[in-house]
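Peer 1: Make a model of this:
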Amino acid sequence: MSNGDYSIGGQVGGGFGASMGGGYGGQGGGFGGAGGGDGNGGSGPVDSDLIYDVTTQTFMADVMEASRQQPVLVDFWAPWCGPCKQLTPIIEEAVKAAGGTVKLAKMNIEDHPEIAGQMGIQSIPAVVAFKDGQPVDGFMGAQQESQVKAFIEKVGGPAPTNQADAYLEQAEELLVAKDYAQAAQLFGAVMQMEPDNVKAISGLAQCYLGADDMERAKQALDLVPEDKREDEAFTAAKAALDLAEQAASLGDLAEFMERIERDPADLQARFDLALGLNGKGDKNGAVDQLIEIVRQDRDWNEDGARKQLLQFFEAWGFKDPASAYGRRKLSAVLFA
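Peer 2: This is a model prediction of the structure:
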């Protein structure tokens, strides 16, 4: 144990999920998978995959068995404990910063005293590390941030140096695949590690747009500092938001389809249909309409169709298959 006067006695016995609820960064509701805080110091949103409450009934599965996959720290606390409230934000932030090397299970001993009693815990806060189903280390009392981080590194090993980059790469792939809830989970995790990360904030905004929630997309983009709004990720998300607002103003697309059916040379109808199709997620369909405009009249509306395609590419991002599809089609018609 980290403190010489603290020992583990007795044997332990006894028998977050990603959602669109919960909210992130104070924006009520929406993505993030990070619910509100709890009674243990009220520290605000946490990652439910890494930090969660545990009871006597769930201790075996959520601590003993879970520790066979990765170390689990159990934080024994009570609502009336002042030092517990000091430790909570420190240990939660340290666990999140560790990038998944450990989990944190929080046990309220006022509601669930049995495990603490079996382990001979006499004072709180007390933190016990479990690995491979066994208690292996721990400390008691409020600790400094540096001490907590050192303890976590001792138990779980050093945090991956590029954890945020790894999360971003996964999140961007999920975003392209339209798995908005899972992508938002990862973007939110990066924002907890790096609150000003423009790629993460912009990615979260793109997730909201994918779920047709323009208001929360705006709120997310408002989090980007003014001096970082030239970043490519921000400009792409802002372009996507502008396009979504433009598409929303068009209303029913049937009118444009009927106009094109009556007159295939109605290029304005094709242009408006392209905007609307993009707003509904039919990116390839939007490309096809604009390409047809370029094929019929490259100079229409001062090269408007080609310029709109370029705006689409910016909003979609280089990795999006629709961007690659559009570039191929555009090259074919321009250099035919």
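Peer 1: For the rest of this, base every contact and every neighbour count on C-alpha atoms.
Peer 2: Fine.
Peer 1: Can I get the helix or strand bottoming out on mean pLDDT in the chain in CSV, CA atoms only?
Peer 2: Every helix and strand of the chain was ranked by mean pLDDT, DSSP states H and E. The lowest is helix 163-176, at a mean of 86. The C-alpha trace of helix 163-176 is given here as CSV (Å, rounded to 0.1, in the frame of the first residue of the first chain):
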residue,chain,number,x,y,z
GLN,A,163,-4.2,8.3,-27.0
ALA,A,164,-6.0,11.4,-28.2
ASP,A,165,-4.8,10.9,-31.8
ALA,A,166,-5.8,7.3,-31.7
TYR,A,167,-9.3,8.2,-30.5
LEU,A,168,-9.6,10.9,-33.2
GLU,A,169,-8.6,8.5,-35.9
GLN,A,170,-11.2,6.0,-34.8
ALA,A,171,-13.8,8.7,-34.4
GLU,A,172,-13.3,10.0,-37.9
GLU,A,173,-13.6,6.6,-39.4
LEU,A,174,-16.9,6.1,-37.4
LEU,A,175,-18.1,9.5,-38.6
VAL,A,176,-17.5,8.5,-42.3
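Peer 1: Check which helices and strands it is in contact with.
Peer 2: When contacts are defined as 3 or more Cα pairs under 8 Å, 6 or more residues apart in numbering; DSSP states H and E, helix 163-176 packs onto helix 180-193, helix 198-210.
Peer 1: all strands for the chain, in order.
Peer 2: Along the chain, counting by DSSP state E, strands occupy 51-53, 72-77, 103-108, 126-131, 134-140.
Peer 1: List the buried residues in the last one.
Peer 2: Okay, so that is strand 134-140. Within strand 134-140, the residues that count as buried by 16 or more other Cα atoms under 10 Å are 134, 135, 137, 138, 139, 140.
Peer 1: how far off strand 72-77 does that strand point, in degrees?
Peer 2: In terms of direction (axes from the mean of the first three to the mean of the last three Cα atoms, to 10 degrees), strand 134-140 departs from strand 72-77 by 40 degrees.
Peer 1: Identify each buried residue in stretch 149-166, please.
Peer 2: 149, 151, 152, 153, 155, 156, 159, 163, 164.
Peer 1: The closest residue to residue 324 other than its chain neighbours: how many residues sit nearby?
Peer 2: Spatial nearest neighbour of residue 324, chain neighbours left out: residue 318 (7.4 Å); criterion: Cα to Cα, 6 or more residues apart in numbering. Per other Cα atoms under 10 Å, the neighbour tally for residue 318 reads 11.
Peer 1: again, but for residue 263
Peer 2: Residue 263 sits with 11 neighbouring residues when counted by other Cα under 10 Å.
Peer 1: related to what we said a few turns ago, turn the buried residues of strand 134-140 into a markdown table, including pLDDT.
Peer 2: Output for those, formatted as a markdown table (pLDDT from 0 to 100):
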| residue | pLDDT |
| --- | --- |
| 134 | 89 |
| 135 | 90 |
| 137 | 90 |
| 138 | 91 |
| 139 | 92 |
| 140 | 90 |
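Peer 1: Residue 109 contacts residue 79, doesn't it?
Peer 2: No: look at residue 109 against residue 79 with Cα atoms under 8 Å: they stay out of range, at 9.1 Å.
Peer 1: Give me the more crowded residue out of these two.
Peer 2: Per other Cα under 10 Å, whichever of residue 109 and residue 79 has more neighbours is residue 109, with 19 against 15.
Peer 1: Quick check: the gap between that one and residue 131.
Peer 2: 21 Å (Cα to Cα, to the nearest Å).
Peer 1: Then residue 230?
Peer 2: Where residue 131 is concerned, residue 230 sits at a distance of 46 Å (Cα to Cα).
Peer 1: Of the two, which one has the most company?
Peer 2: residue 131 (22 against 10).
Peer 1: Show the model's pLDDT score for that one.
Peer 2: Note for residue 131: predicted pLDDT of 92.
Peer 1: Run through the bridge partners of it.
Peer 2: residue 134 (DSSP bridges).
Peer 1: That one touches residue 67, doesn't it?
Peer 2: Yes: counting by Cα under 8 Å, residue 131 does reach residue 67; the two are 4.8 Å apart.
Peer 1: ok so, going back, please tabulate the helices and strands packed on helix 163-176 in TSV, including the columns mean pLDDT and distance to residue 265.
Peer 2: Compiled in TSV, the helices and strands packed on helix 163-176 are given as follows (pLDDT from 0 to 100; distance: least, Cα to Cα, whole Å):
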stretch	mean pLDDT	distance to residue 265
helix 180-193	92	37
helix 198-210	95	31
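Peer 1: ok, residue 124 touching residue 140?
Peer 2: Yes: because the distance of 6.3 Å satisfies Cα under 8 Å, residue 124 is recorded as touching residue 140.
Peer 1: where does this structure have low pLDDT?
Peer 2: By pLDDT under 70, the low-scoring segments of the chain are 1-48, 159-162, 336.
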